[in-house]
Structure formats: C-alpha cells, structure tokens
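In: Provide a 3D model corresponding to the input given below.
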Amino acid sequence: MTTDQVIDLRRALDLLAAQPGLDHDRIAFVGHDFGAMTGALLAGADKRPRWYVLMAATTSFPAWYLPGKEGIR
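Out: Residues are numbered from 1 along each chain as shown. Below you'll find the model as predicted:
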C-alpha cells in the first residue's frame, strides 16, 4: 500500500504539472509525519519537485505502522 501511495503522489504531480501557467521550476513537496516518509520515497522516484520539506518522519515504516511494538526499528 505504501508503493500505491507514492504512485498516487506521482499522479498528483502529473495533474499539477498539466495546469496551464504553472512554473515547473517552482514545484515543491511538503510532507509531515507519514507524508514525510512517503515524500522521501517520492524524492527518490520523481525529480519534478525542486524542493522537498519533510517534517517529523520516523526512521522506519514498521515503526510507523506498528507504534508501541517492542524491537521495531
């Protein structure tokens, strides 16, 4: 499902990039918490955003999906 979310983000960028009058050199992505985590994956897959602002991401997807579980890194 995480991969599907990144695909959805790329589709959203497709829609944004298709808007008339858009300055393609000024596209940015801002993500918080889980959005920052998926944004980090997006940054590796899509170079259209010139800037990425990623806030409060956790260090691993299992830690986010399974909060409070012991031994999750």
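In: what's near enough to touch Leu16?
Out: Going by Cβ atoms under 8 Å, 6 or more residues apart in numbering, Leu16 touches Leu22, Ile27. Any C-beta I mention is one placed from the backbone N, CA and C, and that applies to glycine too.
In: Correction: the previous question concerned Gly31.
Out: Contacts for Gly31 (Cβ under 8 Å, 6+ apart) come out as Met37, Thr38, Gly39, Ala40, Tyr52, Val53, Leu54, Met55, Ala57.
In: And what about Ala43, helix, strand or coil?
Out: In three-state terms, and counting by DSSP: H, G, I helix; E, B strand; the rest coil, Ala43 is helix.
In: wouldn't it be in contact with Arg50 here?
Out: No: using Cβ atoms under 8 Å, Ala43 makes no contact with Arg50, being 11.0 Å away.
In: re earlier: from the contacts of Gly31, which land in helices?
Out: Of those, the ones assigned to helices by DSSP state H are Met37, Thr38, Gly39, Ala40.
In: Please, a ChimeraX command that selects the buried ones among those residues?
Out: Applying 16 or more other Cβ atoms under 10 Å to the ones in helices among the contacts of Gly31, the buried members can be selected in ChimeraX as follows:
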select :37,38,39
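In: can I get the contacts of Gly31 in CSV with distance to Arg10 and pLDDT?
Out: Output for the contacts of Gly31, formatted as CSV (distance: Cβ to Cβ, whole Å; pLDDT from 0 to 100):
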residue, distance to Arg10, pLDDT
Met37, 16, 93
Thr38, 11, 93
Gly39, 12, 95
Ala40, 14, 94
Tyr52, 14, 96
Val53, 18, 97
Leu54, 16, 95
Met55, 21, 96
Ala57, 19, 85
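In: If we only consider those residues, which is nearest to Thr2?
Out: Thr38 (6.7 Å; Cβ to Cβ).
In: Which single one of the contacts of Gly31 is nearest to Val30?
Out: Val53 (4.5 Å).
In: so who does the closest one touch?
Out: Counting by Cβ under 8 Å, 6+ apart, the residues that Val53 touches are Ala28, Phe29, Val30, Gly31.
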